[in-house]
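Colleague: Predicted model follows, preceded by the sequence.
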Amino acid sequence: MRTAEGAKYARIRGIGAARGDQVVTNDDLVEAIESSDEWIRQRTGIIDRRRASAQVTLSDLTLAASKQAIEHAGIDPTEIDAVIVATVTHPYQTPSLAAWLADQIGSTPAAAYDISAACAGYCYGIGQADALVRSGLAHNVLVVGAEKLSDVIDPTDRSISFLLGDGAGAAVVGPSETPGISPTVWGSDGSHWKTIHMTNSLLEYRDGVAYGEATGFGEHDGEQINRWPTLRQEGRTVFRWAVWDMAKIARQAIEAAGLTPDDIDVFIPHQANMRIIDEFAKQLKLPENVVIARDIAHSGNTSAASIPIATRALIDAGEVKTGDLALEIGFGAGLVYGAQVVALP
């Protein structure tokens, strides 16, 4: 029996990004949550965020980011033989957004599937793409993190609604003659499943009691009612977990790469909160010359899309160069996390 043989190493060959077409300021949101611009800036570091208008779909954002990544990689779409899309806001459970995307970019019959790992989705995808290329299951893999979080926002919710933005980021992963992606450190802690969750869209009623609503129970005369799902968060619990536990994961990723903090050129964490990013850098004892992505100030939290969007922003600004070693870590609902060190394209 034959077995697949792949490349010895893999690397990111190109990065692309697309943002929502509307700039939404803090002042646009504060009335609904009875807050202020100052309160949001102090708690999150967000000045404004990009959201997509009704005419711009999640598919539009995904396609735009993917085309830019493929162009940046300098390859033909027909050379892509696997497509992975990380998202929690695709409006269809099936078919996958990845299958549609593979056809739209001209990569049919590439393997295609979606993954649901929230804010860690992009790092999960990069880890899988690295494995696919080195195992021989694929030669070039398109990894996309894409979210239209404005579709799942309750504007009156003070726990997470003001954080969220829309966008997509994409990377092409292919073979390399030198190491370009370190071992991925990933995992989950389902005991904190409810700390970041999406409310159940369908409530079932038995004997007048509603089951399935993640935020509690309620009385109703009928048998069931449809409700549009929205995101909720236990902010303090998530903040402590992100700051303390995820700093340990970031250190593990550096060690897994056989490196020290002094070897890192760029730090690109999930853009969850500016306070978390700053505390991360302090705990990791990163050198002062390390470039730190702080894209959240004008993009908001775009979940699975945040790391590739922030990476592309650094490239466009000329703040990083080819070959720079970037530590990236994603963490979020699940709770799930993933981290690796990559050489920038």
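Modeller: That came through fine. Numbering: from 1, shown residues only.
Colleague: Low-confidence bits of the stretch 151-300 of the chain, can you list those?
Modeller: Per-residue confidence for the stretch 151-300 of the chain (pLDDT under 70) gives these ranges: 200-227.
Colleague: Do a quick rundown of the helices in it.
Modeller: In the stretch 151-300 of the chain, the segments counted as helices under DSSP state H, counting those that start in this stretch are 235-240, 246-256, 274-284, 296-299.
Colleague: Find the one among these with the highest mean neighbour count.
Modeller: Comparing the helices of the stretch 151-300 of the chain by mean neighbour count (mean count of other C-beta atoms under 10 Å), helix 296-299 comes out on top with a mean of 20. (Each C-beta comes from the backbone N, C-alpha and C, glycine too.)
Colleague: could you dump that one to PDB, C-alpha only?
Modeller: Extracted as PDB, the C-alpha positions of helix 296-299 are listed here (Å, rounded to 0.1, in the frame of the first residue of the first chain):
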ATOM      1  CA  ILE A 296      -8.400  46.400  17.200                       C
ATOM      2  CA  ALA A 297      -8.400  50.200  17.600                       C
ATOM      3  CA  HIS A 298     -10.000  50.700  14.200                       C
ATOM      4  CA  SER A 299     -11.300  47.200  13.300                       C
END
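Colleague: what's the spacing between it and its chain's center?
Modeller: Averaging C-alpha coordinates over helix 296-299 and over its chain gives two centres that are 14 Å apart (C-alpha atoms, centre = their mean, to the nearest Å).
Colleague: One more: stretch 271-285?
Modeller: Computed by C-alpha atoms, centre = their mean, the chain-centroid distance of stretch 271-285 equals 17 Å.
Colleague: residues in contact with the spatially most central residue of the chain?
Modeller: The structure's the chain has its C-alpha centroid closest to residue 304; by C-alpha atoms, centre = their mean the separation is 1.4 Å. With contacts taken as C-beta atoms under 8 Å, 6 or more residues apart in numbering, residue 304 has the following neighbours: 86-88, 117-122, 145-147, 330.
Colleague: Output these in TSV, with neighbour count, distance to residue 44 and pLDDT appended to each entry.
Modeller: Formatted as TSV, the entries for the contacts of residue 304 read as follows, by neighbours: other C-beta atoms under 10 Å; distance: C-beta to C-beta, whole Å; pLDDT from 0 to 100:
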residue	neighbour count	distance to residue 44	pLDDT
86	33	23	98
87	25	23	97
88	22	20	95
117	26	22	95
118	27	18	95
119	32	15	96
120	31	19	97
121	33	21	98
122	31	20	98
145	37	20	98
146	37	22	98
147	32	17	97
330	33	18	97
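Colleague: can I assume residue 124 sits in a helix?
Modeller: Yes - read with DSSP: H, G, I helix; E, B strand; the rest coil, residue 124 is one of the residues of a helix.
Colleague: how about the helices of the stretch 151-300 of the chain, which one is nearest residue 104?
Modeller: Evaluated with C-beta to C-beta, these place helix 296-299 nearest to residue 104, the distance being 24.1 Å.
Colleague: what packs against the helix or strand containing residue 307?
Modeller: In this assignment (DSSP states H and E), residue 307 forms part of helix 306-316. Helices and strands touching helix 306-316, as assessed by 3 or more C-beta pairs under 8 Å, 6 or more residues apart in numbering; DSSP states H and E, comprise strand 9-19, helix 121-135, strand 141-148, strand 166-176, strand 266-269, helix 296-299, strand 325-332.
Colleague: since we're on residue 28, how many residues are nearby?
Modeller: Counted with other C-beta atoms under 10 Å, the neighbours of residue 28 add up to 16.
Colleague: how much space between it and residue 44?
Modeller: In this structure, residue 28 lies at 15 Å from residue 44, with C-beta to C-beta, to the nearest Å as the measure.
Colleague: try residue 84
Modeller: Counting by C-beta to C-beta - residue 84 and residue 44 are separated by 29 Å.
Colleague: So between those two, which is more surrounded?
Modeller: Legend: neighbour count by other C-beta under 10 Å for residue 84 and residue 44, higher for residue 84 (28 against 21).
Colleague: so where does the more buried one fall, helix or strand?
Modeller: Under DSSP H and E, the secondary-structure element containing residue 84 is strand 82-86.
Colleague: what's the answer for residue 99, then?
Modeller: With the criterion set as DSSP H and E, the secondary-structure element containing residue 99 is helix 97-105.
Colleague: What residues sit buried inside stretch 314-333?
Modeller: When neighbours are counted by 16 or more other C-beta atoms under 10 Å, the buried residues of stretch 314-333 are found to be 314-315, 320, 324-333.
Colleague: of all the residues you listed, which two lie farthest apart?
Modeller: 324 and 333 (29.7 Å).
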